[in-house]
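Participant: What follows is a predicted protein model with its sequence.
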Amino acid sequence: MKLKAAVVALVTLALLSGCGGGNSTVQPAGSTKVSMTEFKFTPGDIQVNAGKVVFFLVNDGNGTSHDLVIRDSTGKTIAKSELVSAGDSTVLTVDNIAAGTYTIVCDQAGHEASGMKGTLTVT
């Protein structure tokens, strides 16, 4: 009976560890880390090379969920992360971003207006 309980516990743990969408706790090699808090990105000005770019997004805030949206000079959304809960992290991969200057924002209601924006320079 104890063996059966142990197996059920292990299976349950394995299933639960698979939940959480794209949440990640380890920064991928070669990625750019961006911390999100109320209400700013750190760093606020990011520089990366053109091509495939990987962002490691960490919500270091106190309870508010955030995302990261990349917009071109016309306001068109180039990429958008999933919503990241406080204390969680995720990876946003942009497969082929061209050289240029972009705006990054959190598009949750009121966040951009509260100062949660920055610049992404792609060289």
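Facilitator: Received the coordinates, thanks.
Participant: hey, let's count contacts and neighbours off CA atoms from now on
Facilitator: Noted.
Participant: which regions of this protein sit below the pLDDT cut-off?
Facilitator: 1-24 (pLDDT under 70).
Participant: For the closest residue to residue 47 other than its chain neighbours, give its distance to residue 108.
Facilitator: Residue nearest to residue 47 in three dimensions, not counting chain neighbours: residue 121, with 4.7 Å by Cα to Cα, 6 or more residues apart in numbering. Between residue 121 and residue 108 the computed distance is 23 Å (Cα to Cα, to the nearest Å).
Participant: what does residue 25 give?
Facilitator: 23 Å.
Participant: what do you get for residue 99?
Facilitator: Applying Cα to Cα to residue 99 and residue 108 gives a distance of 27 Å.
Participant: next one: residue 40
Facilitator: Taking Cα to Cα, one finds residue 40 at 12 Å from residue 108.
Participant: More neighbours: which of these two?
Facilitator: residue 40 (20 against 16; other Cα atoms under 10 Å).
Participant: Report the contact partners of that one.
Facilitator: Shown in contact with residue 40 (Cα atoms under 8 Å, 6 or more residues apart in numbering): 115-117.
Participant: Identify the bridge partners of the residue nearest in space to the middle of the chain.
Facilitator: Centroid check for the chain by Cα atoms, centre = their mean gives residue 57 as the closest residue, at 3.3 Å. Beta-bridge partners recorded for residue 57 (DSSP bridges): residue 34, residue 90.
Participant: does it really touch residue 92, like I thought?
Facilitator: Yes: in this structure, residue 57 is within contact of residue 92 by Cα atoms under 8 Å, at 7.3 Å.
Participant: In three-state terms, label residue 52 for me.
Facilitator: strand (DSSP: H, G, I helix; E, B strand; the rest coil).
Participant: same deal with residue 118?
Facilitator: strand.
Participant: Tell me which residues touch it, please.
Facilitator: So, once contact is read as Cα under 8 Å, 6+ apart, residue 118 ends up touching 41, 44-46, 103-105.
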